[in-house]
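1. kindly generate the corresponding structure for this input.
(one chain, ligands or ions: 1)
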Amino acid sequence: MEPKIKKYDLLIKNGTVHTAVESFESEIGVSEGKIAAIGKNLGHSERIIDAKGLLVLPGGIDAHCHIEQESSSKIMTADDFYSGSVSAAFGGNTTILPFAAQHRGQSLRDVVANARKRAKDKAVIDYGLHLIISDPSKSVLEDELPSLIKEGYTSFKVYMTYEMLKINDGEILDILALARKYGALTMVHAENNEIINWISDRLTQRGYNAPKFHAVSHSHIAESEASRRAIDLARLVDARMLIVHVSDAEAANSILQARNNELNIYGETCPQYLFLTAKDLDQEGMEGAKYCCSPPPRDKESQKAIWKGLKNGTFQVFSSDHAPYRLDKSGKFHAGKDVSFNKIANGVPGLETRMPLLFSEGVGKGRITINEFVALTSTNAAKIYGLYPRKGSLVIGGDADIAIWDPKWVRTIKQEMLHDNMDYTPYEGMKVKGWPRIVINRGRIAVEDEKLKVERGSGKFLPRTPAETCREQPISSPLSPSRNFGAKLL
Ligand SMILES: [Zn+2]
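-> Alright, predicted model coming up:
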């Protein structure tokens, strides 16, 4: 008797599959939004995608983006959950992890409810939410955070700089210790606030106000010092921690060293540190404001160090840090057009260009392998942020989140072709080779033929799983203190 031939909702044929660990020729069968089969001669389907000459990859996860988020100076990012998620999808992403940001005095619960409401009827692909904690009050630490972690908000960002967001070292320790207890992950923006203010004051007193001085004020020493300090704080309480948007060679070295010492420290970097330098800020008038982000783009040597870090295990995650502020009163120039560098809104857009840039310059130029590309843009984020194996890989039973890349598609990046709500891209005019042709989220074709195929609001919220909570540390003899004494005081 003939075996019954299985019928799939979607079948991808003739492509080469690439995961974070291997590459192989295979078909992929999709049923009910999940990957149902991986193999040869899988059978029939209503819809067959012929991926001949194309690369079949897990959909990207942009684990750091600011969407429909209000800043502490009350300006709103240019992208809401619709334009942000659409732009992400066109760039090969199937999941985004933006932030629910707490400002001082706000309840975290309210902040989360508000972000959920904003996302619900707009997002077109799946999303989770990190938290931003700027006010670790008693009720936040004892009540709100523990319950929110259990509900799937398993990561939170803290700031060591920005007057209205920064928390002090003691507060960071409180948060790290709490994260350790509940299996959550602390993300840190590591820059020394005092160093930045000290330099900024001296620059502005002397009349050095142009955008290019932003890069001078955010000295790389401010970043390396704060990164080392953050690592030591995490080391003291034996907590997992991820340093976001690393731009500097010394900071990268500290992360690698910590990892080599078996600390649970992770590192993230972004396109702006591979493709921009401080020279981009040095332009006529306010043009340089386009490239003002923190930490700032640095120099060619730093770019080399960051590329090296992508290869040698310093960085696990490559994110956009998409922080879209238009070149007008609603964004970059909220404090006026003729202001000094430290009054310009910080951030660059990059949701849609993140993966094509890394693909073209990384995989295309032989700096990283395609498997490393998948790990850096998708799989590692899923693992670190509690979405694996549902997201970030191509496994039977996992969500059918797939990006089908055309490695020969040459495009010159122009703002007009992007789908965000911005009025510029820092990568205008850059020629890239390789872009996704078809993007699939939970089996639904999200992008095809350069068109959006999914409905507004059809993306799903993703509650995430905490890491295995840390075991109680045995209290050893005070005569033989363990390397992380602080962990015993939790
Ligand atoms: Zn940041």
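2. and stretch 443-454, which residues are buried?
-> Applying a neighbour-count criterion of 16 or more other Cβ atoms under 10 Å, one finds 443-447, 452, 454 buried in stretch 443-454. In short, each C-beta sits where N, CA and C put it, glycine included.
3. and for stretch 276-293?
-> Neighbour counts over stretch 276-293 (16+ other Cβ under 10 Å) mark 276-278, 280-281, 286, 288-293 as buried.
4. one more: stretch 331-339?
-> 331-334, 339.
5. the stretch 251-400 of the chain: strands as residue ranges?
-> 265-269, 317-318 (DSSP state E, counting those that start in this stretch).
6. can you name every helix or strand that the shortest one contacts?
-> Just to be clear, that refers to strand 317-318. Packing contacts for strand 317-318, counted by 3 or more Cβ pairs under 8 Å, 6 or more residues apart in numbering; DSSP states H and E, involve strand 265-269, helix 380-384.
7. how about a markdown table for the buried residues of stretch 331-339, with pLDDT added?
-> Formatted as a markdown table, the buried residues of stretch 331-339 follow (pLDDT from 0 to 100):
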| residue | pLDDT |
| --- | --- |
| Gly331 | 96 |
| Lys332 | 97 |
| Phe333 | 97 |
| His334 | 96 |
| Val339 | 95 |
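8. residues contacting Phe461?
-> Shown in contact with Phe461 (Cβ atoms under 8 Å, 6 or more residues apart in numbering): 116, 119-120, 126-129.
9. tell me the confidence at it?
-> pLDDT, Phe461: 98.
10. same check, this time on Pro474
-> 38.
11. what of the one 10 residues further on?
-> With respect to pLDDT, Asn484 has a value of 49.
12. for the remainder of this discussion, apply numbering that starts at 198.
-> OK, 198 is where the count begins now, so the last one is Asn681.
13. surely Leu453 meets Lys505?
-> No: assessed by Cβ atoms under 8 Å, Leu453 is found out of contact with Lys505, at 9.5 Å.
14. name the residues contacting each of the two.
-> Thr511.
15. picking that back up, quick check, nearest of the contacts of Phe658 to Ile225?
-> Of all the contacts of Phe658, Ile225 sits closest to Asp323, with 18.5 Å by Cβ to Cβ.
16. pick out the most distant pair among the buried residues of stretch 473-490.
-> Thr474 and Met483 (18.4 Å).
17. where along the protein do the helices fall?
-> 278-287, 305-317, 335-336, 342-347, 366-379, 390-402, 409-414, 417-434, 446-457, 469-472, 497-508, 551-555, 567-571, 577-581 (DSSP state H).
18. deepest of the ones you listed, which one?
-> Comparing those by mean neighbour count (mean count of other Cβ atoms under 10 Å), helix 278-287 ranks first with a mean of 28.
19. OK, contacts around the closest residue to Gly544 other than its chain neighbours?
-> The spatial neighbour of Gly544 that comes closest, neighbours along the chain excluded (Cβ to Cβ, 6 or more residues apart in numbering), is Ala520 at 2.5 Å. Going by Cβ under 8 Å, 6+ apart, Ala520 touches 262-263, 274, 490, 543-546.
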